[in-house]
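Participant: Here is my input, please return the structure:
(chains A and B)
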Amino acid sequence: GENVEQHPSTLSVQEGDSAVIKCTYSDSASNYFPWYKQELGKRPQLIIDIRSNVGEKKDQRIAVTLNKTAKHFSLHITETQPEDSAVYFCAASFNAGNMLTFGGGTRLMVKP
Amino acid sequence: NAGVTQTPKFQVLKTGQSMTLQCAQDMNHEYMSWYRQDPGMGLRLIHYSVGAGITDQGEVPNGYNVSRSTTEDFPLRLLSAAPSQTSVYFCASSLYSTGSSYEQYFGPGTRLTVT
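Facilitator: Numbers count the residues shown, from 1 in each chain, chains lettered A, B, ... in the order given. Below is the predicted model:
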């Protein structure tokens, strides 16, 4: 089955700096890569996703890049704000459907 | 729309007890799934369903049963609770079609402790 690894496990940045979280996946058949944000005690919420036919996607301060050859994808957050502090999870769908395999998560702390 | 709802929010069980975690959605989603989240780990898929009457196993199905008699409801049953099942359980739902992937909407979670 699919295996997704996520790095780093914790990330601390100053407000206004950029943050980058990286994930690698094992199954070359994976074709859907969402990113979820989870605040303490809350449910995961989708912040951005990318499909395998696209190399990059951007939504305001958030962007995701995908390298299918290397089987890795990354989340980029620019101009970080304290409210960006949360745990971020990457995931991959290893079949043409909705079964997601999640990475282990990254705790992002944005210091004011 | 209430979205995805889960009950209860918290539950404490003794080893060997059984219980059912409830999940319901009002978005007419075909796909529903259950994940567990352990401290410091990502979510792991327990069971999923692509429509009423159809269920299948995910990554960590042992100790859990599911059924899908209606589009709206997808209960998760713990047959004989074990301390290893202490976790936060999330239900999720989404649209479904072969060959496509869709955003999954998560419920608020059920925090289960087995003593």
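Participant: going forward, measure contacts and count neighbours with C-alpha atoms only.
Facilitator: Fine.
Participant: ok, now which ones touch residue B:3?
Facilitator: Applying C-alpha atoms under 8 Å, 6 or more residues apart in numbering or on different chains to residue B:3 gives the contacts B:25-27, B:105, B:107.
Participant: Now list the buried members of these.
Facilitator: Using 16 or more other C-alpha atoms under 10 Å in any protein chain shown as the burial test, those include B:25, B:27, B:105, B:107 as buried.
Participant: among these, which two are most distant?
Facilitator: B:27 and B:107 (12.4 Å; C-alpha to C-alpha).
Participant: before we move on, what SS does the residue lying farthest from the centre of chain B have?
Facilitator: Taking C-alpha atoms, centre = their mean, the residue of chain B most remote from its mean C-alpha position is residue B:99, at 23.1 Å. Following DSSP: H, G, I helix; E, B strand; the rest coil, residue B:99 is assigned to coil.
Participant: how close does it sit to chain A?
Facilitator: Distance from residue B:99 to chain A, counting by C-alpha to the nearest C-alpha, to the nearest Å: 4 Å.
Participant: Now that residue: phi and psi?
Facilitator: Phi and psi for residue B:99, reported as degrees, to the nearest 10, are phi 90, psi 0.
Participant: how far away is it from residue A:5?
Facilitator: Plainly put, residue B:99 is 24 Å away from residue A:5 if you go by C-alpha to C-alpha, to the nearest Å.
Participant: In what element of secondary structure is the residue nearest the centre of chain B found?
Facilitator: Centroid-nearest residue in chain B, with C-alpha atoms, centre = their mean: residue B:34, separated by 2.6 Å. Element membership of residue B:34 [criterion: DSSP states H and E] is strand B:31-37.
Participant: Could you pull up the mean pLDDT of that strand?
Facilitator: Averaged across strand B:31-37, the pLDDT comes to 96.
Participant: Could you do stretch A:28-43 as well?
Facilitator: Mean per-residue pLDDT for stretch A:28-43: 93.
Participant: Over to stretch A:103-112?
Facilitator: Averaging pLDDT along stretch A:103-112 gives 96.
Participant: same thing with stretch A:64-81?
Facilitator: Mean predicted lDDT for stretch A:64-81 stands at 96.
Participant: which of the residues in that stretch are buried?
Facilitator: Those would be A:64-66, A:68, A:72-78, A:80-81, for stretch A:64-81 by 16+ other C-alpha under 10 Å.
Participant: Fine by me, we can end here.
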